[in-house]
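Student: requesting a structural model of the entry that follows:
(one chain, ligands or ions: 2)
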Amino acid sequence: MIDIKSMYCNELEKYITDNDFPKYRAKQVFTWLNKGVESFEEMKNLPKNLIEFLSRSSYISVANIEKKLVSRYDKTVKYLFRLNDGEFVETVVMNYHHGYSICVSTQVGCKMGCTFCATGRSGFSRSLTASEILAQIEKAQKDLKVRISNVVLMGMGEPLDNFDNTVRFLKLVSCEDGLNIGMRHITLSTCGIVPKIYELSEYKFALTLSVSLHAPDNETRSKTMPINNKYPIEELIKACRHYFDVTGRRVSFEYAMIDGVNDSDSCAEKLGNLLKGLNCHVNLIPVNSVKGSGFKKSRIERQKSFVNILSKHSVTATVRRTLGSDINASCGQLKRNHTKKGGE
Ligand code: SAH
Ligand code: SF4
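Tutor: Ligands and ions are numbered 1, 2, ... in the order given. Got it, this is the predicted structure:
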């Protein structure tokens, strides 16, 4: 069976014309798919024989709502979606003053094993197809009856460990006849798979690359992020400089502040020196405590001190507002609770 929603418009045209249907039907099918239809019967302007052909030879990826939580504080919505094969992923929709942002998953679980992360702690099952990443956005738009204008690839999984499907998703989601969400409204977050950062930069997408740094030196970083043993910090920063040189896009760094682990003044000094002269922005996030990790949020005083020290090094940093704190909006936690209840 063909994963029809992962096809580019020209691929769909070939598929349709090779099977003796007129070319203009491809555009109609593509438009329906991007409206989020979940069955071929919903494609009202297609002839019966085309609907039959499509149903016989292909399938539509769907994100079914298994669970939906709405934050009482800020209306952040978190979904647990069930995919066609019964796997679960999490998606979060946030309402900022400039519009709706969605945080999508790119894999079921993650192989990278970061110790502070709920997804990393619950293992890896499989990568998502481009259509399964799109389906999360389409379902959320349909359910909330809003247009989503910004996408962050910061849900479950490591997008650069699912490189080809992620690139396909990026091209599809930004395509004019598709959801038409421009690259400038997309952020891709990675734990730092260095060769893939170089590969991504070759596409010259105008998206924001967000790098999960979380430590200013190899010793501290390797303790919480195993990927650092493979691609040490110096190589990662070099790749980020290259990304900026090639794309002209400012890189952003995520730094989850963990009490007593990476939040001392000396850590801030090291971070300032590391990032000096690089066109970037640092997002400081008080770490979300995940069961079993033993990590606690840094105190406010630590967060303020970090911002001050970084600014002395001419590195801009902000403490990120946490949304949806009552619904465990950081990814991985809902799925973990759900599958534990059902399975173990
Ligand atoms: N795998 C990618 C994208 C998904 S994780 C990556 O690691 O960048 C999205 C972001 O959430 C990353 O910056 C990650 O480091 C961060 N994160 C994971 N667990 C967290 C926690 N417990 N508290 C704060 N941020 C966390
Ligand atoms: Fe994977 Fe990102 Fe979690 Fe690390 S932080 S385990 S890379 S999802």
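Student: got the buried residues for the helix or strand containing Asn10?
Tutor: For Asn10, the host element (DSSP states H and E) is helix 9-18. For helix 9-18, burial by neighbour count (16 or more other CB atoms under 10 Å) applies to Cys9, Leu12, Glu13, Tyr15, Ile16. Placement of C-beta: from N, CA and C, glycine included.
Student: what about the residue of the chain found nearest ligand 2, helix or strand, and which?
Tutor: Taking CB to the nearest ligand atom, ligand 2 has its nearest neighbour within the chain at Gly120, 2.5 Å off. Here Gly120, judged by DSSP H and E, is contained in helix 118-121.
Student: next structured bit after that helix?
Tutor: With DSSP H and E, the next secondary element past helix 118-121 is strand 124-127.
Student: hmm, back to that, just give the nearest non-adjacent residue to the residue of the chain closest to ligand 2, would you?
Tutor: Cys114 (4.3 Å; CB to CB, 6 or more residues apart in numbering).
Student: gap between that neighbour and Tyr79?
Tutor: Distance, Cys114 to Tyr79, by CB to CB, to the nearest Å: 23 Å.
Student: compare the two (neighbour count), which wins?
Tutor: Taking neighbours as other CB atoms under 10 Å, Cys114 and Tyr79 compare with Tyr79 leading, 25 against 21.
Student: could you export the buried residues of helix 9-18 as TSV, including distance to ligand 2 and pLDDT?
Tutor: As requested, the buried residues of helix 9-18 are exported to TSV (distance: CB to the nearest ligand atom, whole Å; pLDDT from 0 to 100):
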residue	distance to ligand 2	pLDDT
Cys9	31	95
Leu12	32	97
Glu13	36	97
Tyr15	34	98
Ile16	37	98
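Student: from the residues you listed, which are also near ligand 1?
Tutor: Near ligand 1, taking CB under 6 Å from any ligand atom as the test, no member of the buried residues of helix 9-18 is found.
Student: looking at those residues, which is nearest Lys204?
Tutor: Lys204 has its nearest neighbour among these in Cys9, at 21.0 Å by CB to CB.
Student: need the contact list for that closest one.
Tutor: By CB atoms under 8 Å, 6 or more residues apart in numbering, the residues touching Cys9 are Ala26, Lys27, Phe30, Cys175, Asp177.
Student: distance of it from Arg25?
Tutor: 12 Å.
Student: now swap in Leu310 and tell me
Tutor: For Leu310 relative to Arg25 (CB to CB), the value is 55 Å.
Student: what do you get for Met1?
Tutor: Counting by CB to CB, the gap from Met1 to Arg25 is 19 Å.
Student: higher neighbour count, the two?
Tutor: A side-by-side neighbour count of Met1 and Arg25, using other CB under 10 Å, places Arg25 first with 19 against 8.
Student: for that one, helix, strand, or coil?
Tutor: helix (DSSP: H, G, I helix; E, B strand; the rest coil).
Student: that one and Phe53 touch, don't they?
Tutor: No. Assessed by CB atoms under 8 Å, Arg25 is found out of contact with Phe53, at 10.2 Å.
Student: farthest-separated two in the contacts of Cys9?
Tutor: Top of the distance list for the contacts of Cys9 (CB to CB): Ala26 and Cys175, 13.3 Å.
Student: the two: who's more crowded?
Tutor: Taking other CB under 10 Å, Ala26 and Cys175 do not tie; Ala26 has more neighbours (20 against 15).
Student: against ligand 1, how distant is Phe244?
Tutor: 18 Å (CB to the nearest ligand atom, to the nearest Å).
Student: other SSEs contacting the helix or strand harbouring that residue?
Tutor: Using DSSP H and E, Phe244 sits in helix 233-247. Counting contacts by 3 or more CB pairs under 8 Å, 6 or more residues apart in numbering; DSSP states H and E, helix 233-247 is packed against helix 194-203, strand 208-212, strand 251-257, helix 265-275.
Student: what segments of the stretch 1-150 of the chain are helices?
Tutor: 9-18, 24-35, 48-57, 118-121, 130-144 (DSSP state H, counting those that start in this stretch).
Student: what parts of the stretch 51-200 of the chain come near ligand 2?
Tutor: So the stretch 51-200 of the chain meets ligand 2 at Cys110, Met112, Gly113, Cys114, Cys117, Thr119, Gly120, Gly157, Glu158, Cys191 (CB under 6 Å from any ligand atom).
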